[in-house]
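Participant: Just need the structure, nothing else, for what follows:
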Amino acid sequence: MDSSHHHSGRRPLAQIIAQGLLRMTGWKAGPFPDIDRAVIAGGPHTSNWDGVIALVSRSALQKDVNIMIKHSLFKGPLGWLLHKLGAIPIERGRAGGVVTQTVAQFQKRDRLLIAVTPEGTRSNAEEWKLGFYHIAKRANVPIILALADYQKKTFSFPVVIHPSDDMEADLQAIYQHFATATPRHPDKLSVPVKAFYGQ
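Facilitator: Sure, this is the predicted structure:
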């Protein structure tokens, strides 16, 4: 794939540990599409393990993925660590809100991958938070779907969606793709995904 196997001696420790964890648990991650700027929509989100798998996969694939975190957490020593981990501070209350601030980040960078879980953290969410879609549309970047499948033990990136002028159709397509993955707790699926699950 690339020339990295020539310098296997220089792999970062985090990558070595993460790849070892995946091997031990039988999970596979990747491959990641060759895209530098995108919103990554991860799911289906039914368990705290989803986040663990995502973090391990990110390290194993050595992908520089950013996560939005509320700016108040950046005060003090934690801020340094959050920056190191690729977190981007976001002010929820500010004019224009999260979408505007994120679009601005895309405008100033050549490379930016931002991960979101559009279902939020609650189980059985009635509806998705659609900020991720508005960000992609306004920043003119694609949406990469990241699916954790507990039956196949894969964390994969099978679909890239380019927002069209028909948001509802795009969302239905995304819900359908999410429904192809077996989550840890199918009974906790968000309502829009549950509609397609098991078909």
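Participant: For this protein, just list every one of the strands.
Facilitator: Listed in chain order, the strands found in the chain under DSSP state E are 28-29, 37-43, 65-70, 87-90, 112-116, 143-149, 154-161.
Participant: what angle do the fifth one and strand 65-70 make?
Facilitator: Counting by axes from the mean of the first three to the mean of the last three CA atoms, to 10 degrees, strand 112-116 points 60 degrees away from the direction of strand 65-70.
Participant: Quick one: distance of strand 112-116 to the chain centre.
Facilitator: Relative to the mean C-alpha coordinate of its chain, strand 112-116 is positioned 6 Å out (CA atoms, centre = their mean, to the nearest Å).
Participant: What lies in contact with that strand?
Facilitator: 35-42, 54, 63-68, 88, 102, 105-106, 129, 131-132, 135, 144, 146 (CB atoms under 8 Å, 6 or more residues apart in numbering). Where you see a C-beta, it was placed from the backbone N, CA and C, and this is true even at glycine.
Participant: and if you look at the longest one?
Facilitator: Identification of contacts with strand 154-161 by CB under 8 Å, 6+ apart yields 27-33, 35, 38, 40, 53-54, 57, 142-149, 170, 173-174, 177.
Participant: May I see the buried residues of that strand?
Facilitator: Across strand 154-161, burial judged by 16 or more other CB atoms under 10 Å covers 154-157, 159, 161.
Participant: could those be laid out in a markdown table, adding pLDDT?
Facilitator: As requested, the buried residues of strand 154-161 are arranged in a markdown table below (pLDDT from 0 to 100):
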| residue | pLDDT |
| --- | --- |
| T154 | 95 |
| F155 | 93 |
| S156 | 94 |
| F157 | 95 |
| V159 | 95 |
| I161 | 97 |
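Participant: before we move on, the earlier item: can you say which of the contacts of strand 154-161 are buried?
Facilitator: Neighbour-count burial (16+ other CB under 10 Å) applied to the contacts of strand 154-161 gives 27-29, 32, 38, 40, 53-54, 57, 142-149, 170, 174, 177.
Participant: does R58 really touch N66, like I thought?
Facilitator: No. With the criterion set as CB atoms under 8 Å, R58 and N66 do not qualify as a contacting pair; they are 10.3 Å apart.
Participant: Name the residue in these two with the higher neighbour count.
Facilitator: When R58 is set against N66 and neighbours are counted by other CB atoms under 10 Å, the residue ahead is R58, at 25 against 18.
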